[in-house]
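**Student:** Next come a sequence and a model predicted from it.
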Amino acid sequence: MPDLNMTFNEVASLYHDVRPRYPSTLFDRIEAISGFDHRLDVLEIGSGTGIATRPMLERGWNLTCVEPGHSLADVARFALASFPDLRIDVDRFEDWDAQGVTFDLIVSATAFHWIKPDTRYTKTHRLLCEGGHLAVLYYRHVAGGDDDLFEIIQDCYLAHMPGTTREKMPVATKRSPSAREMRRSGLFDIVESSVRPEVITYSTSGYLDLLSTYSGHRALKPEQLLRLQSCIADVIDRNGGSIRKGYAHELVIGRRIEP
């Protein structure tokens, strides 16, 4: 079984091109809740190709990024070359040495779940200053797009992706376990838990490109992936050549509980 959290590194440029961007209101909310001052120091965990990094840099945030994928970090450095003060350390967060530095804010965008459970909250808590905040962003596929087409597409997964089970599309208002998990850690008070819906339209080829960046797809054998993609493309092409996908952008912010 491949290391799924590193499969994105194999398609770094494509990942950067096709993955959804985060609504700017999420970063506005982080600023408002954390009482943000541009002089504060921010750590981004799992910065990838810099998709969430850019809107933070554009707000003047002082960023240090940790990203385990060399290719992902290279794409980020190229895309964000106009921000020469940006620091990207290529390392797993679990292994990364902060060298005694602490941060006022830690942000992780659709990456926090890849960190080992026994490290996610203990290490972030340790790296935060007194009164600091942890902001976790995710996006999830939810109902609200072309749900009938996605129901048909599930048949492709049942036929061509081993271990697949038929699942009902979650509604946008259903929360992920993120806030509950953060609260159960006993290290953070939850000060924000919100969801913002979005619908994005993809062409057949655009949607296949998106799927090509998903870890589960990249773990398939080439012949399995080809059959799965052919099946999905046939469904979309027979229904107009485009598909609308519903997303829920979730933001959870916790304030560090002092020992």
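**Tutor:** Nice, I can see it.

**Student:** could you pull out the strands for this protein?
**Tutor:** Read by DSSP state E, the chain holds these strands, from start to end of the chain: 41-45, 62-67, 87-90, 103-109, 128-142, 188-203, 242-256.

**Student:** chain center to the fourth one, what's the gap?
**Tutor:** Chain-centre distance of strand 103-109: 14 Å, with C-alpha atoms, centre = their mean, to the nearest Å.

**Student:** returning to that earlier point: between the strands of the chain, which one is closest to A159.
**Tutor:** The minimum distance between A159 and these falls on strand 242-256, with 18.5 Å, by C-beta to C-beta. C-beta coordinates here come from the backbone N, C-alpha and C atoms, glycine included.

**Student:** Mind listing what's buried along that closest one?
**Tutor:** Taking 16 or more other C-beta atoms under 10 Å as the basis for neighbour counts, the residues of strand 242-256 that come out buried are 243, 245-256.

**Student:** And for stretch 153-170?
**Tutor:** For stretch 153-170, the buried set under the neighbour-count rule, 16+ other C-beta under 10 Å, comprises 153-154, 156-157, 160-161.

**Student:** could the strands of the chain be laid out in JSON lines, adding distance to P20 and mean pLDDT?
**Tutor:** Compiled in JSON lines, those are given as follows (distance: least, C-beta to C-beta, whole Å; pLDDT from 0 to 100):
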{"stretch": "strand 41-45", "distance to P20": "17", "mean pLDDT": "96"}
{"stretch": "strand 62-67", "distance to P20": "18", "mean pLDDT": "96"}
{"stretch": "strand 87-90", "distance to P20": "21", "mean pLDDT": "97"}
{"stretch": "strand 103-109", "distance to P20": "11", "mean pLDDT": "97"}
{"stretch": "strand 128-142", "distance to P20": "6", "mean pLDDT": "95"}
{"stretch": "strand 188-203", "distance to P20": "6", "mean pLDDT": "96"}
{"stretch": "strand 242-256", "distance to P20": "6", "mean pLDDT": "97"}
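
**Student:** out of these, nearest to E10?
**Tutor:** Each of the strands of the chain was checked against E10 via C-beta to C-beta, and the shortest separation belongs to strand 62-67, namely 14.5 Å.

**Student:** Show me what the closest one pairs with in its sheet, parallel or antiparallel.
**Tutor:** Listed by DSSP bridges, the sheet partners of strand 62-67 and their directions read strand 41-45 (parallel), strand 87-90 (parallel).
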